[in-house]
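Chemist: coords please:
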Amino acid sequence: MHFIASINYTRTMEKTVQAVYQKGVLHPLEPLLLGERQLVTVTISDNIEVSPDHPLLVSPDEWSDAAHDDITIEEVRRALATIHGSLSEAVLEERRER
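Modeler: Coordinates of the predicted model:
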């Protein structure tokens, strides 16, 4: 008895292009060789000014303190279960309260 393995090979194309985001749509600044409605993965890279007191930035001291926390996965699950709506909004709200 002979077994024939079926192997699918794929090739990945990577191309960096600039695009403008307008009204919820990314508009590439150059033509793309893509099929109509082709699914692609988009990585967003942006250079923006972020103030040092931005609520999503964490100080090195906070990182150091957090490294010593003994938190179980069950505690994390219980905490996440209490979040209603957006996780990022919950984080921002918590930091505003500090």
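Chemist: could you give the mean pLDDT of stretch 21-31?
Modeler: Stretch 21-31 comes out with an average pLDDT of 91.
Chemist: then stretch 87-98?
Modeler: 78.
Chemist: residues making contact with that stretch?
Modeler: 55-56, 80, 83 (CB atoms under 8 Å, 6 or more residues apart in numbering). Every C-beta, even on glycine, is put in place using the N, C-alpha and C of the backbone.
Chemist: now, those that are in helices?
Modeler: Leu80 (DSSP state H).
Chemist: dump the contacts of stretch 87-98 to JSON lines, plus distance to Asp65.
Modeler: Compiled in JSON lines, the contacts of stretch 87-98 are given as follows (distance: CB to CB, whole Å):
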{"residue": "Pro55", "distance to Asp65": "17"}
{"residue": "Leu56", "distance to Asp65": "17"}
{"residue": "Leu80", "distance to Asp65": "21"}
{"residue": "Ile83", "distance to Asp65": "22"}
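Chemist: and Ala81, how far from Val91?
Modeler: Taking CB to CB, to the nearest Å as the measure, Ala81 falls 16 Å from Val91.
Chemist: re the thing from before, just the buried members of the contacts of stretch 87-98?
Modeler: Among these, not one counts as buried by 16 or more other CB atoms under 10 Å.
Chemist: closest one of the contacts of stretch 87-98 to Asn47?
Modeler: The closest of the contacts of stretch 87-98 to Asn47 turns out to be Leu56 (CB to CB; 16.6 Å).
Chemist: pLDDT score for the closest one?
Modeler: 73.
Chemist: residue contacts, it?
Modeler: With CB under 8 Å, 6+ apart, Leu56 has these contacts: 88, 91-92, 95.
Chemist: secondary structure class of Tyr21, three-state.
Modeler: strand (DSSP: H, G, I helix; E, B strand; the rest coil).
Chemist: how many other residues sit next to it?
Modeler: 10 (other CB atoms under 10 Å).
Chemist: hey, what's it bridged with?
Modeler: Assessed by DSSP bridges, Tyr21 has beta-bridge partners Leu26.
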